[in-house]
Every structure is written in C-alpha cells, then in structure tokens.
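Asks: turn this into a structure:
(one chain, ligands or ions: 1)
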Amino acid sequence: MAAPTPLTYSALDPRGWRLAMGLRPLAPEHWLEVDANRDAELARKSDLLARERSTVLAITGEGEDACRELLEEVTASLRRYHPGVAVEVDESEHPLVAASRLVQEDLCVLERHDEWRLVAACVCFPSRWSLAEKIGTSLDAIHSPVPGYDESLAAPTRKVFDRLEPDRSFWRLNWTLLDNADLFQPAVARVPGESAPEDWFFRVERQTIRRLARSRAIVFTIRTYVSALSSLLGDEEFTENLLRALRSAPPATREYKGWGDIAERLAQRTGR
Ligand code: HEM
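Replies: As a prediction, the model looks like this:
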C-alpha cells in the first residue's frame, strides 16, 4: 500500500458543512494528476485487477467506443502533459482496463440513454461503496444513499451533465474521515471504529467530469488522497475547519459518513 501522503487538497469549507456541487473549471493539463505514489498505486491496481476483478471492474458492453476514446485521451494527455511518465499500452486488454493501468485515477464512463447511466467503470479505490450495485444505474440511483442529494444536487447535476461540452470540463472535491488508510475500501459498512482520532485518516476525492468529443460519453475520474489525521492536527486552521464541519453536518450525513462520535473525541483530544 502507498504511504499516506501529506495534504494535497484541504477540501474543507471554512463556513462549515455544505452539500454542494462545488464545480470548478478544469484546464486540460490538470485532468490527470501524477505523483510519487504512482508506481505503488498502479501496482495495487494491478493486484486488485487480478484478485478482485469483479469488485473493481464493471463492463456492461455499452460504452465500448467511449472506452476506446478514453484510452486515446489518457495516453495523449499523459504524453503531452506528463512526458516523464512511461505510457505502455497493452493492446490485448479491454481499453478501460488498459487506460486504468496508466493512471492513479479511478475511471467511470457514463452515457445518456433514457438518463445518464454508468456503463463501464474501473474503480480500485472506492470509499465504501459497491461498484456492482451501481453499474448500469442512473446518477440519481447511484446517489440514493447520499443524504440531501435528491433534494439539492440531483437536478443541478443532471443539468450540468446534459450541458457539458468537451472544451469545458470541471473538477470538484469530496472528503471524509475514515479509521483505515487503505485505498481499496469496497465495504458498505458505516460502523465507526473506536480507535483514537490520531489513528484516523482524512480522505479526499478529487473528481473530474469531462465530455468525450467523439462518443459524447462523459468520463468521471476519481483520484483519492489519504493523509494521516495525526499529521494534520498540528495545523490550527485545518483542525478548526474540520471540527466546524463535523459539528455542523446534519445527523443523517454524520451517520452516512460513518463518523460516529469522532467529532466529540477529536474536540476532547485537541482541547476545543
Ligand atoms: C457533478 C457531479 C456529482 C456530484 C455533485 C456528486 C456528489 C456526490 C456527493 C455529495 C456524494 C456523497 C459523498 C460524501 O459526502 O462522502 C457522492 C457520493 C457518490 N458519488 Fe457522486 N457526485 C457526482 C457525480 C458522480 C458520478 C458521475 C458518479 C459515477 C460513478 C458518482 C458516484 C458516486 C458514488 C458511487 C457515491 C457513493 C454513494 C454511496 O455511498 O453509495 N458521482 N456524490
């Protein structure tokens, strides 16, 4: 497993907990991110693709053109914006798997049929959700466990997907706290551990949405960064913002996130 990295994206809103789309414009050169954990994370992907294939890979047979186009886009982007990175494509593999083996991101392909549906995905680093349960389903169904999504995010998200064009991509952040640093967390369990706050981890997902020009499919990438909370608690501003977010999150969100009483324990530990 790759070592937990220092904080790459804080993701905390200083105003407290907010359920928001939070989309920001994405420049092409920032679509994919490469860092020192690349070799370790790609090795982990390779291992998961061998041992846990049905957990991390879902291919419906739809979206085949889009997967080929995605592989072309991934190789072109790496060659252009990350020239130091080795780009060796195994032509015998499904293009989604070949693309996934080149990047630290998880890759999801969505197509507009009656609704936007997840038609192919390689997700080696899920944050406690099951790809098998989501494949083939709509954006709304995918997000059904997320408190507040239906009321405040479903309609705007659908609209953004319908209007997305290849020259205007976006990125956003999600964050959570987990009592385990493993990148591969397919379990749906929301039961919090009893471990001390110092043994928890701040997990940030940097997500991008991008429309492919030829197939008109949408690619959703998820890049996961994990930092040990113990390494972040010395930062006053971070700790203040984290506590504010944990305290102001609605009970349903806290339960969904599996936070248990981490806010109270963290407050006690930091004397706030
Ligand atoms: C702009 C688009 C999107 C927005 C605003 C959005 C928003 C969210 C939010 C707020 C959550 C809750 C996560 C948390 O608080 O920890 C979530 C969870 C999730 N999202 Fe999205 N999302 C978007 C696109 C997508 C797409 C395209 C996929 C396709 C795979 C996806 C898959 C998921 C999954 C699998 C979960 C976890 C659901 C569960 O716990 O069962 N999201 N999303």
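
Asks: C-alpha only now, for contacts and for neighbours.
Replies: Will do.

Asks: average model confidence for stretch 236-246?
Replies: The average pLDDT within stretch 236-246 is 94.

Asks: tell me where the chain has helices.
Replies: 38-51, 53-56, 64-81, 95-100, 131-134, 139-142, 154-163, 236-248, 251-257, 262-270 (DSSP state H).

Asks: most tightly packed of the ones you listed?
Replies: Neighbour counts (mean count of other CA atoms under 10 Å) averaged over each of those peak at helix 95-100, with a mean of 23.

Asks: just checking, what packs against it?
Replies: Here helix 95-100 is seen to pack against helix 64-81, strand 106-112, strand 116-122 when contacts are counted using 3 or more CA pairs under 8 Å, 6 or more residues apart in numbering; DSSP states H and E.

Asks: the last one to helix 64-81, inter-axis angle?
Replies: Spelled out, that is strand 116-122. 60 degrees (axes from the mean of the first three to the mean of the last three CA atoms, to 10 degrees).

Asks: what does the stretch 101-250 of the chain put close to the ligand?
Replies: By the rule CA under 6 Å from any ligand atom, the part of the stretch 101-250 of the chain lying against the ligand is 108, 129, 142-143, 145-146, 157, 174-176, 220.

Asks: are any of those residues buried, and if so which?
Replies: Among these, those buried by neighbour count (16 or more other CA atoms under 10 Å) are 108, 129, 142-143, 146, 157, 174-176, 220.

Asks: identify the residues contacting the spatially most central residue of the chain.
Replies: Central residue of the chain (CA atoms, centre = their mean): Ile222, 3.2 Å from the mean position. The contact partners of Ile222, by CA atoms under 8 Å, 6 or more residues apart in numbering, come to 105-107, 205-208.

Asks: and it, what pLDDT?
Replies: pLDDT at Ile222 comes out at 98.

Asks: residue in this protein nearest to the ligand?
Replies: Met21 (4.0 Å; CA to the nearest ligand atom).

Asks: Ala245 reaches Trp175, doesn't it?
Replies: No. With contacts counted by CA atoms under 8 Å, Ala245 stays clear of Trp175, the gap being 10.7 Å.

Asks: quick check: neighbours shared by those two?
Replies: Residues touching both Ala245 and Trp175 (CA under 8 Å, 6+ apart) are Leu12.

Asks: circling back: mind listing what the closest residue in space to the residue nearest to the centre of the chain that isn't next to it in sequence touches?
Replies: In this structure, Ile222 finds its nearest non-sequential neighbour in Gln207, 4.5 Å apart by CA to CA, 6 or more residues apart in numbering. Gln207 is in contact with 171-174, 220-223, counting by CA under 8 Å, 6+ apart.

Asks: hmm, try it at 7 Å
Replies: Residues in contact with Gln207 (CA atoms under 7 Å, 6 or more residues apart in numbering) are 171-173, 220-223.

Asks: what of Ile142?
Replies: Contact analysis of Ile142 by CA under 7 Å, 6+ apart lists Lys134.

Asks: then Val87?
Replies: Taking CA under 7 Å, 6+ apart as the contact definition, Val87 lies against 75, 102.

Asks: which phi and psi values does it adopt?
Replies: Phi and psi for Val87, reported as degrees, to the nearest 10, are phi -120, psi 90.

Asks: so where is this protein shaky, pLDDT-wise?
Replies: 1-6, 188-190 (pLDDT under 70).

Asks: please indicate which of the contacts of Ile222 are buried?
Replies: Listed as buried from the contacts of Ile222 are 105-107, 205-208; burial here means 16+ other CA under 10 Å.

Asks: out of the residues you listed, which is nearest to His113?
Replies: Distance to His113 across the buried ones among the contacts of Ile222 (CA to CA) is lowest for Leu107, with 19.3 Å.

Asks: that closest one touches Ala120, doesn't it?
Replies: No. With contacts counted by CA atoms under 7 Å, Leu107 stays clear of Ala120, the gap being 8.4 Å.

Asks: re the thing from before, reformat the helices and strands packed on helix 95-100 as CSV; add distance to Ser227.
Replies: Below are these laid out as CSV (distance: least, CA to CA, whole Å):
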stretch, distance to Ser227
helix 64-81, 25
strand 106-112, 18
strand 116-122, 23
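
Asks: tabulate the CA atom coordinates of stretch 227-240 in PDB.
Replies: The C-alpha trace of stretch 227-240 is given here as PDB (Å, rounded to 0.1, in the frame of the first residue of the first chain):
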ATOM      1  CA  SER A 227      -3.500  11.700   4.800                       C
ATOM      2  CA  ALA A 228      -2.900  10.600   8.400                       C
ATOM      3  CA  LEU A 229      -5.000  12.800  10.700                       C
ATOM      4  CA  SER A 230      -2.100  12.800  13.200                       C
ATOM      5  CA  SER A 231       0.000  14.700  10.600                       C
ATOM      6  CA  LEU A 232      -2.700  17.400  10.100                       C
ATOM      7  CA  LEU A 233      -3.800  18.200  13.700                       C
ATOM      8  CA  GLY A 234      -0.800  20.500  14.200                       C
ATOM      9  CA  ASP A 235      -2.400  22.800  11.600                       C
ATOM     10  CA  GLU A 236      -4.700  25.100  13.600                       C
ATOM     11  CA  GLU A 237      -6.700  26.300  10.700                       C
ATOM     12  CA  PHE A 238      -7.200  22.700   9.400                       C
ATOM     13  CA  THR A 239      -8.300  21.500  12.800                       C
ATOM     14  CA  GLU A 240     -10.700  24.400  13.300                       C
END
